[in-house]
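Peer 1: requesting a structural model of the entry that follows:
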Amino acid sequence: MAPASQETPAPADGRTWRQYFPKGDLWVFGYGSLIWKPPPHFDQRVPGYIEGYVRRFWQASTDHRGTPEQPGRVVTVIERNFWETLDDPLSHLESSTTRVWGAAYHIPASHAEEVHDYLDVREIDGYSVHYTPFHPVTSTATATGTSTDQSTSASPMTCMVYIGQPSNPQFLRDPACRDPQDVAEVISRGVGQSGKNTEYLYLLEKALEGIGLGSADEHVTDLVKRVRAIEGSGEADKEEEKAKRDIRVSLEAAERGDIGNEGEDDLAE
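Peer 2: The predicted structure is shown next:
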């Protein structure tokens, strides 16, 4: 595992990753769609978290979960120091040691270049590459199954992560657009090339539940409640059940190595 480092933006050519992973392999952290739609060729899937960030549906999506005319909403992570300067009605729910839970994937050196390029294609609409410490927990999923290792080190390691920074054009700068009810209403009607925006929300909800380990996200939970109220419980129940099935199928296919072009039609967060 690579040693931890400070978060550092990559240059325009995106090739700085090699200096963080001198052995040629690659670790990638996912806090959004990567949790349920892994990159190809991974041989380890490790649950865990990054610190010093909050996860918010404050990134507009004009392609995968919305259109240029009616942008949807997808997640990004925001540095806590900057987030504290913003108006957030849910700020009281965040602890002083904010953790963003997700999953890290190890890509062996034989496929690292290919997967890096794949993620750069999948990363669209305002996301950029950064490197930040990731704190693993003890259970891991490999390409052949799941195992638990109580001796796994708690020491952080460096992971590559895609972040939609506040400086990118898709970040919601207008406080009114970041209001939870406004976000929920946009999600309830958003549709893009990857499907309904509600599907993305429910997939993230169920993916975080699947990680367990206290990984629930109050912001995500709050939005689910609001969107359920807009949709009605009947429709929402169907979508949530479908999300659970889709996550199971997606992860099982990924462990078999069955990741085709369908893996490229969503985000790299």
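Peer 1: strands along the protein, start to end?
Peer 2: 26-30, 44-51, 53-61, 72-79, 99-107, 128-136, 139-142, 145-148, 157-163, 191-192, 195-196 (DSSP state E).
Peer 1: and the pLDDT at Asp120?
Peer 2: As predicted, Asp120 sits at a pLDDT of 78.
Peer 1: and what of Asp63?
Peer 2: 89.
Peer 1: can you check Glu94 too?
Peer 2: Taking Glu94 on its own, its pLDDT is 73.
Peer 1: that one against Tyr53, yeah?
Peer 2: No. Using Cβ atoms under 8 Å, Glu94 is not in contact with Tyr53; the gap is 10.4 Å. (C-beta placed from N, C-alpha, C; glycine too.)
Peer 1: between these two, which has more neighbouring residues?
Peer 2: Tyr53 (23 against 16; other Cβ atoms under 10 Å).
Peer 1: who does the nearest residue to the more buried one once chain neighbours are set aside form a beta bridge with?
Peer 2: Using Cβ to Cβ, 6 or more residues apart in numbering and skipping residues adjacent in sequence, the residue nearest Tyr53 is Val77, 4.1 Å away. Beta-bridge pairing for Val77 (DSSP bridges): Arg55.
Peer 1: and the gap between Val77 and Phe57?
Peer 2: As defined by Cβ to Cβ, to the nearest Å, Val77 lies at a distance of 11 Å from Phe57.
Peer 1: what residue ranges in the stretch 101-250 of the chain are flagged as low confidence?
Peer 2: Along the stretch 101-250 of the chain, segments meeting pLDDT under 70 span 122-125, 138-154, 213-215.
Peer 1: can you give me the helices in it?
Peer 2: With helices called from DSSP state H, counting those that start in this stretch, the stretch 101-250 of the chain shows them at 109-122, 180-189, 197-211, 218-231, 233-256.
Peer 1: for Ile35, which of those helices is the nearest?
Peer 2: helix 197-211 (4.1 Å; Cβ to Cβ).
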